[in-house]
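*Asks:* below is the sequence, then the predicted model.
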Amino acid sequence: MSGPKTRWNAGGRDLEALFAEAAKHKGESLWQDAWRRLKANRAARCALVFLAVFGLTALLAPALPIPSPVTLDLQLEPQPPVAPWTSFGDHGFEPDYWDLSAPDRALVALRQAVFGDWQTGPWMGTDAKGRDILARIVWGSRTSILVALAAALCSLAIGVTYGALSGYLGGRVDNLMMRVVDILYSIPFIFLVIFLITIVNEYRIELEDNFGIDREVVFYVVIGAIYWLTMARVVRGQVLALRKAEFIEAARVQGASTRRILFLHLVPNVLSVVIVYLTLTIPAVMLFEAFLSFLGLGIEPPKVSWGLLAVDGSESINPIRIYWWLIVFPAAAMGATLLALNVLGDGLRDALDPKLRGKD
């Protein structure tokens, strides 16, 4: 026969009740805490929603019922915007595009199956060639996103690995690797872009036929090659502060390889800084792409980018009349996107700061 059940008492309260109360208060990881604080930041939350809608719109541009960005309707002068309730749309859609990729062709086919030949009206006006400004802004945003993704992937793949390895190895290896970064920093990238684009134009047919390399690919690669340098320096500085930490020493004593220490211990601990830096780098990449396209070194017509829209807007400025919609709407789209990226980056910086954890 068993004896009476022992009941533990802590300050007059049942131990089981204390356990039940403790179960209600679960701990949260750094990322859960960061996400909770990011959602509490109204400005950052609005910026995230705007960027999500912006990215989805750019991705699905071929499936949207907007005119083709290259369909011409030659006119004497650009046509001003009209209100949607005045001219909601018409049935004049023509599937005129440049050489689209297979997914984009599938989206265009889906658009024709759903909407037929119906398209939206000139809600943001047209340029002197009759091309719809709304369609050109939406399609131009795809170029900015692709360039930003190329730079982000290069920064993550090259910059994080290079900087983490340099900071962890230290000594002469670190010094040599950083001198390589300094040398690359000293190269005037505008001249490098001009040089590479000139070579591509000279041997365009051979490069496209033999290697599948065209001017656009070179453009993306060059921009991506620029922006991993600063990422490498940022990550190196963070790794230098962590390489002598206790958990790194413990992993080294247990026989962990350099690769394991880098990618399982060091890199996860600097991801917060990497993410914040990426959100602040992407606006700079978009501006750099627009600048190069404005100079004629980026995307070529008939393709469209925000830089080419800036060229069209600059040509509309004259002493007689200014076609304001060619300037205001592209500038507003670019400005809103860059502002949202900077606001989101600022919110992520506050949310991922370990010093602010638990302080609301």
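*Replies:* Looks like it came in fine.

*Asks:* please enumerate the strands of the stretch 51-200 of the chain.
*Replies:* 89-90, 119-120 (DSSP state E, counting those that start in this stretch).

*Asks:* would you mind pulling up the elements that the last one packs against?
*Replies:* For strand 119-120, the elements it packs on are strand 89-90, judged by 3 or more C-beta pairs under 8 Å, 6 or more residues apart in numbering; DSSP states H and E. All C-beta atoms are positioned from the backbone trio N, CA, C, and that covers glycine.

*Asks:* most tightly packed of the strands of the stretch 51-200 of the chain?
*Replies:* strand 119-120 (a mean of 21; mean count of other C-beta atoms under 10 Å).

*Asks:* mind giving me TSV with the strands of the stretch 51-200 of the chain and columns for distance to residue 255?
*Replies:* Converted to TSV, the strands of the stretch 51-200 of the chain look like this (distance: least, C-beta to C-beta, whole Å):
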stretch	distance to residue 255
strand 89-90	68
strand 119-120	64
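
*Asks:* where among those strands is average confidence lowest?
*Replies:* Lowest mean pLDDT of the strands of the stretch 51-200 of the chain: strand 89-90, a mean of 86.

*Asks:* strand partners (parallel or antiparallel) of it?
*Replies:* strand 119-120 (antiparallel) (DSSP bridges).

*Asks:* distance from the chain centre to the strand it pairs with, please.
*Replies:* 28 Å (C-alpha atoms, centre = their mean, to the nearest Å).

*Asks:* list the contacts of it.
*Replies:* Contacts to strand 119-120, defined as C-beta atoms under 8 Å, 6 or more residues apart in numbering, come from residues 65-67, 84, 88-93, 132, 134.

*Asks:* same deal with stretch 121-134?
*Replies:* So stretch 121-134 is contacted by 66-84, 86-90, 120, 136-137, 312, 316, 323, 325-326, 329-330 (C-beta under 8 Å, 6+ apart).

*Asks:* ok so, going back, closest one to residue 101 among the strands of the stretch 51-200 of the chain?
*Replies:* When the strands of the stretch 51-200 of the chain are compared by C-beta to C-beta, strand 119-120 sits nearest residue 101, at 21.7 Å.

*Asks:* skipping adjacent residues, who's closest to residue 284 in space?
*Replies:* In this structure, residue 284 finds its nearest non-sequential neighbour in residue 227, 7.6 Å apart by C-beta to C-beta, 6 or more residues apart in numbering.

*Asks:* check contacts around that neighbour.
*Replies:* Counting by C-beta under 8 Å, 6+ apart, the residues that residue 227 touches are 151, 154-155, 159, 281, 284-285.

*Asks:* just the element for it, please.
*Replies:* Residue 227 belongs to helix 215-242 when assigned by DSSP states H and E.

*Asks:* centre of the chain to that helix, how far?
*Replies:* Using C-alpha atoms, centre = their mean, the offset of helix 215-242 from its chain centre is 14 Å.

*Asks:* the residue nearest to residue 284 and residue 96, how far apart?
*Replies:* 34 Å (C-beta to C-beta, to the nearest Å).

*Asks:* follow-up on the earlier one: quick one: the residue nearest to residue 284 from residue 326, how far?
*Replies:* Applying C-beta to C-beta to residue 227 and residue 326 gives a distance of 30 Å.

*Asks:* repeat for residue 184
*Replies:* Separation of residue 184 from residue 326 (C-beta to C-beta) stands at 38 Å.

*Asks:* more neighbours: which of these two?
*Replies:* residue 326 (25 against 14; other C-beta atoms under 10 Å).

*Asks:* the more buried one touches residue 314, doesn't it?
*Replies:* No. Between residue 326 and residue 314 there is no contact under C-beta atoms under 8 Å: 9.0 Å.

*Asks:* need the residues touching each of those two.
*Replies:* Common neighbours of residue 326 and residue 314 (C-beta under 8 Å, 6+ apart) do not exist.

*Asks:* related to what we said a few turns ago, a markdown table please, covering the contacts of strand 119-120 and showing distance to residue 165.
*Replies:* Converted to a markdown table, these look like this (distance: C-beta to C-beta, whole Å):
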| residue | distance to residue 165 |
| --- | --- |
| 65 | 50 |
| 66 | 46 |
| 67 | 50 |
| 84 | 55 |
| 88 | 58 |
| 89 | 56 |
| 90 | 58 |
| 91 | 59 |
| 92 | 57 |
| 93 | 53 |
| 132 | 49 |
| 134 | 47 |
